[in-house]
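>>> Mind folding the following:
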Amino acid sequence: MSKTHFGFQTVDESVKAQKVRQVFDNVASKYDVMNDLMSAGMHRLWKRYTLMVANAQPGHHVLDIAGGTGDLSIGFAKDVGPSGTVVHTDINQAMLSEGRNRLLDLGVVLPTAVCDAEHLPFEDEQFDRVSVAFGLRNMTHKDVALAEMRRVLKPGGKLLVLEFSKVAPPLTKAYDWYSFKVLPLLGKWVANDADSYRYLAESIRMHPDQETLKTLMKDAGFRHVDVHNMTAGVVALHVGIK
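Numbers count the residues shown, from 1 in each chain. Below is the predicted model of the structure:
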């Protein structure tokens, strides 16, 4: 049986999705609070920049993959207006439920679906924009997922991948200390779950760096890929054009 990584562990491919699902089942109810604490609120700016670069227009059709608690879906819904469509998806039912409840509380009603990014249940060339924020690193076969995202995009459409990436070298030691010492403590105090946030730090280190992900996207068929580093490379936005 093929092996893959789950953080720093090596596991059978068949069990990775289950392990990732358990992580997000555990943290779903505290996900937004922890995001604000972990990033000192910076995640809101990263997502706002992603929406600006996406430049979704009224009437556009948008697919938000690993949409979680709905930050990007909410922004896209404002941009595309009543003539457009935003489909809010996640592989994790608990996260999707948190997001759907939040959307409804804000008066935003969107199509919502549990789906696996490696097997998207949508027709070819259906969407003008596809986004995935902080979800790609948890996918077992990133190449398959990227190819699926390209498949459902219309010609000329944009894929936006917002993800943790490789931090600038002068900050590496401080970032490692924060990731492996502070994050698990925050997880323990706030979410009563240190292990899930230890996995978060490990999964970031195992994720392809900026140039490697750019190559993966080009190999998946994107003819042009731009990389936008933010916060000294803590996160990067990769933008691929079909």
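
>>> what ranges do the helices span in this structure?
Remark: helices assigned in the chain by DSSP state H are 13-27, 31-39, 42-54, 71-80, 93-105, 142-152, 172-177, 183-191, 194-206, 210-219.

>>> do you know which of those lies nearest residue 7?
If you check each of those against residue 7 by C-beta to C-beta, helix 194-206 wins as the nearest, at 3.1 Å. C-beta here means a position set from N, CA and C on the backbone, and glycine is covered the same way.

>>> closest to residue 5 out of the helices of the chain?
helix 194-206 (5.1 Å).

>>> mind listing what's buried in that closest one?
Neighbour counts using 16 or more other C-beta atoms under 10 Å place 196-204 of helix 194-206 among the buried residues.

>>> Tell me the spatial nearest neighbour of residue 236, not counting adjacent residues.
Spatially, and ignoring its direct neighbours in sequence, residue 236 is nearest to residue 165 (3.8 Å; C-beta to C-beta, 6 or more residues apart in numbering).

>>> wait, isn't that neighbour in contact with residue 232?
No: using C-beta atoms under 8 Å, residue 165 is not in contact with residue 232, being 10.1 Å away.

>>> Please identify the pairing partners of the longest strand anywhere in the chain and their relative orientation?
Looking across the chain with DSSP state E, the single longest strand is strand 153-164. Applying DSSP bridges, strand 153-164 is found paired with strand 127-133 (parallel), strand 235-241 (antiparallel).

>>> most tightly surrounded among the ones you listed?
strand 127-133 (a mean of 26; mean count of other C-beta atoms under 10 Å).
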